[in-house]
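**Q** this one's structure only:
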């Protein structure tokens, strides 16, 4: 960009350094003042509230309420041991389901995204531009709209999914009854022992279908970008060595895609893990909290159950879970980075 | 290309390099890929066509069979939504204004506050830099819902009160003559929701801008410094103009992110005249919406989706590039 080359002036004067430090603090003032008021103070307040039995009746006077009690770690213990006055809630089941939900989504989205990107990258494919433009559509639709639309699609009586299945069935026998699958309401898991201890109701599969629609195009987008930056001579060298296209895929394409796809997969994982709008709009965590994830339950504690003390404690726990996940994924990203440099 | 005997591996024997093999893709393979691409296209288009068809129908009854192509092009559902979006006495323009004010305000405020901090983190070396950076980015780990309890409780205790002559903000200022007349509760107002949203938007804006500023070469700034420009001039006259594209992307990401914001508004707001479009959409589906015709719901879904879709399509390259660049770095 700049053509100016500087004379080697490594030794910066100390006055400049002091000035620089002061300048930096000055530049940080706006953000930190705002964050102090609307982020850090609330975070501290949250921790304090999490040690109390804060409920609706304390709303008016807040922490100054006379009947507000400090109950120590009681909220935390109740959350972890299922002692909350909430039906169908066990912390570790919800946590396991939440992790499973995020992992299975990524495991489906990434391979599908990569395969579709590879198919679209085939030289000489007709209508390539049209397909690329079409396939981007799910990325641009807001997830909450996607969720509401799919919720209607999975409607038991009027939904498109059952109507579609009915049409399929009636292709074979015209007299067949209309399909009436209770996608979002049926509690009995169709595959009982898929995840031990955690029932996966039909709604989970319905949400996987809807979120698949939402999820793979982003992965295709990232994979397409990465595919186009793979040097062509790698393939030439591979085919000169007699590698088949399948071998080229596994030995050239996949390793070269990895640096781009690992961060994308991690991004997708955290996104799915905290996919509040989508889950809340589609099932609200139901039936019987079987598709509840941590963030939707946290929200339910404040919004509907109004157990503010427990909600604060729950948010603190969610924060620790998110931090642990971040540390793990961060290490994964680092590991793959060094992989590319090695 | 190496010949393969196994039919399955021959089926999979698709050249992925995008280079060699050239234009002479065998016809059967071309057709096979076309079928695959069409199936995927059908999957993508299925819900979109479903909603579009529903929204263009004038029937207020629920669909009894699957229709994916519009039989009529009636705009009556859109008209009804625009005229009378909910059962509450709130007009579409008010809903639109609320959504717009919130997302525009939060996007802009977060950007303005974040930009100098992003610059400081990107360019200056100073004591406590690492610690302050952790402080800013730690809230990013927290899901947006995570701060909702304290923000709800804290803002619920702030009331704007009319004292007759003047306006006081309780509990910081009290009316001289004891209790006054409540004008609004900060929690139950668009301003309160906006403040709560900014708490989530700000760290993201700092992170996003810093990631981009790190990629701008420093030579230009250093040259200007040698020519005697001070930090402020460098910042305003060199860095800001160079970063304009990313400033726009950050703003628009904030805008579309909060255009679809639902959790905080649904938690904080109780007056129908403060409702946003996404809250209205939520009200139009599920168990409480048995009497909302699906054509109207579909029209609303399209209206909510459209601004986001347009912004995203226009800025697609920058948004994806910015997100992945910021993610890989750090």
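**A** Happy to help now that I have it. In this text, all values refer to a predicted model and were calculated from it rather than measured experimentally.

**Q** from here on, contacts and neighbour counts on C-alpha atoms
**A** Will do.

**Q** can you list the weak-confidence ranges in chain A?
**A** A:1-17, A:336-342 (pLDDT under 70).

**Q** mind listing what residue B:147 touches?
**A** Counting by CA atoms under 8 Å, 6 or more residues apart in numbering or on different chains, residue B:147 touches A:39, A:42, A:43, A:46, A:315.

**Q** Helix, strand, or coil at the fourth one?
**A** Of the three states, residue A:46 takes helix under DSSP: H, G, I helix; E, B strand; the rest coil.

**Q** That one contacts residue B:150, correct?
**A** Yes - with contact defined as CA atoms under 8 Å, residue A:46 reaches residue B:150; the gap is 5.2 Å.

**Q** joint contacts of the two?
**A** Common neighbours of residue A:46 and residue B:150, counting by CA under 8 Å, 6+ apart, are residue A:312.

**Q** For the biggest helix by length in chain A, buried residues please.
**A** In chain A, taking DSSP state H as the definition, the longest helix is helix A:308-341. For helix A:308-341, a neighbour-count test (16 or more other CA atoms under 10 Å in any protein chain shown) marks A:308-319, A:322-323, A:325, A:329, A:333, A:336-337 as buried.

**Q** which SSE is residue B:174 in?
**A** In the assignment (DSSP states H and E), residue B:174 maps to no helix and no strand.

**Q** wait, doesn't it sit right on residue B:168?
**A** Yes - Residue B:174 lies in contact with residue B:168 (CA under 8 Å); the separation is 6.0 Å.

**Q** Would you map the helices across the stretch 51-200 of chain B?
**A** B:76-83, B:92-123, B:129-141, B:148-156, B:190-213 (DSSP state H, counting those that start in this stretch).

**Q** Mean neighbour count added to the ones you listed, as CSV?
**A** Conversion of the helices of the stretch 51-200 of chain B to CSV gives the following (neighbours: other CA atoms under 10 Å in any protein chain shown):
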stretch, mean neighbour count
helix B:76-83, 18
helix B:92-123, 22
helix B:129-141, 16
helix B:148-156, 24
helix B:190-213, 24
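
**Q** Turn these into TSV, including distance to residue B:226 and mean pLDDT.
**A** Compiled in TSV, the helices of the stretch 51-200 of chain B are given as follows (distance: least, CA to CA, whole Å; pLDDT from 0 to 100):
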stretch	distance to residue B:226	mean pLDDT
helix B:76-83	59	86
helix B:92-123	16	93
helix B:129-141	25	87
helix B:148-156	47	90
helix B:190-213	20	90
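
**Q** right, so of these, which gets closest to residue A:29?
**A** Smallest distance to residue A:29 across these (CA to CA): 7.7 Å, for helix B:92-123.

**Q** So which other helices or strands are in contact with that closest one?
**A** Counting contacts by 3 or more CA pairs under 8 Å, 6 or more residues apart in numbering or on different chains; DSSP states H and E, helix B:92-123 packs against helix A:14-35, helix B:76-83, helix B:190-213, helix B:240-259, helix B:277-283.

**Q** for those helices, which one sits closest to residue A:278?
**A** The nearest among the helices and strands packed on helix B:92-123, by CA to CA, is helix B:277-283 at 11.2 Å.

**Q** Quick check: what element follows that closest one along the chain?
**A** In N-to-C order, the element after helix B:277-283 by DSSP H and E is helix B:294-314.

**Q** elements contacting that next one?
**A** helix A:137-140, helix A:143-153, helix B:27-55, helix B:76-83, helix B:240-259, helix B:277-283.

**Q** Apply 10 Å and report the result again.
**A** helix A:137-140, helix A:143-153, helix B:27-55, helix B:76-83, helix B:92-123, helix B:240-259, helix B:277-283, helix B:316-328 (3 or more CA pairs under 10 Å, 6 or more residues apart in numbering or on different chains; DSSP states H and E).

**Q** Buried ones in it, by neighbour count?
**A** Applying 16+ other CA under 10 Å to helix B:294-314 flags B:294-305, B:307-309, B:311-313 as buried.

**Q** Would you mind getting the angle between it and helix B:240-259?
**A** On the basis of axes from the mean of the first three to the mean of the last three CA atoms, to 10 degrees, helix B:294-314 is oriented at 160 degrees to helix B:240-259.

**Q** of residue B:174 and residue B:168, who's got more company?
**A** Taking other CA atoms under 10 Å in any protein chain shown, residue B:174 and residue B:168 do not tie; residue B:168 has more neighbours (21 against 16).

**Q** quick one, what contacts that one?
**A** B:159, B:160, B:161, B:162, B:174, B:175, B:176, B:180, B:181, B:182, B:183 (CA atoms under 10 Å, 6 or more residues apart in numbering or on different chains).

**Q** Can you pick out the ones from the residues you listed that are in strands?
**A** Among these, DSSP state E puts B:159, B:160, B:161, B:162, B:181, B:182, B:183 in strands.

**Q** neighbours around the residue nearest to residue A:202 when sequence neighbours are not counted, how many?
**A** If the residues on either side of it in the chain are set aside, residue A:202 comes closest to residue A:183, at 5.6 Å by CA to CA, 6 or more residues apart in numbering or on different chains. Each residue near residue A:183 was counted by other CA under 10 Å, and the total is 22.

**Q** By pLDDT, rank the ones in strands among the contacts of residue B:168 and give me the bottom one.
**A** Ranked by pLDDT, those bottom out at residue B:181 (73).

**Q** Just list the residues touching whichever residue of the stretch 101-250 of chain B sits closest to chain A, thanks.
**A** Closest residue of the stretch 101-250 of chain B to chain A, CA to the nearest CA: residue B:117 (4.6 Å). Residues near residue B:117 by CA under 10 Å, 6+ apart: A:24-32, B:133, B:136, B:203, B:205-207, B:209-210.

**Q** same check, this time on residue A:46
**A** Residue A:46 makes contact with A:40, A:308-309, A:311-313, A:315-316, B:146-151, B:153-154, according to CA under 10 Å, 6+ apart.

**Q** what does residue A:318 give?
**A** A:95, A:294, A:295, A:298, A:312, A:324, B:141, B:142, B:143, B:145, B:146.

**Q** likewise residue A:272?
**A** Here residue A:272 is in contact with A:98-99, A:101-106, A:211, A:215, A:266, A:278-279, A:293 (CA under 10 Å, 6+ apart).

**Q** angle of the helix or strand hosting it against helix A:308-341?
**A** Assessed by DSSP H and E, residue A:272 sits inside helix A:254-273. Angle between the axes of helix A:254-273 and helix A:308-341 is 170 degrees (criterion: the same axes, to 10 degrees).

**Q** quick one on the thing from earlier: which of the ones in strands among the contacts of residue B:168 count as buried?
**A** Here the buried ones among those, as counted with 16+ other CA under 10 Å, turn out to be B:159, B:160, B:161, B:162.

**Q** Turn those into TSV, columns for distance to residue B:77.
**A** Converted to TSV, those look like this (distance: CA to CA, whole Å):
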residue	distance to residue B:77
B:159	40
B:160	40
B:161	42
B:162	42
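
**Q** What part of chain B, helix or strand, is modelled with the least confidence?
**A** Within chain B, no helix or strand scores below helix B:7-11, which has a mean of 45 by mean pLDDT, DSSP states H and E.

**Q** I'd like to check which residues are in contact with the residue in the stretch 201-330 of chain B positioned nearest to chain A.
**A** As assessed by CA to the nearest CA, chain A sits closest to residue B:309 within the stretch 201-330 of chain B, at 4.7 Å. For residue B:309, the contact set (CA under 10 Å, 6+ apart) comprises A:137, A:138, A:139, A:140, A:141, A:142, B:256, B:302, B:315, B:316.

**Q** Now list the buried members of those.
**A** A:137, A:138, A:139, A:140, A:141, A:142, B:256, B:302, B:315, B:316.

**Q** so can I have a markdown table of those showing distance to residue A:113?
**A** Output for the buried ones among the contacts of residue B:309, formatted as a markdown table (distance: CA to CA, whole Å):
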| residue | distance to residue A:113 |
| --- | --- |
| A:137 | 14 |
| A:138 | 13 |
| A:139 | 12 |
| A:140 | 16 |
| A:141 | 17 |
| A:142 | 19 |
| B:256 | 24 |
| B:302 | 26 |
| B:315 | 21 |
| B:316 | 17 |
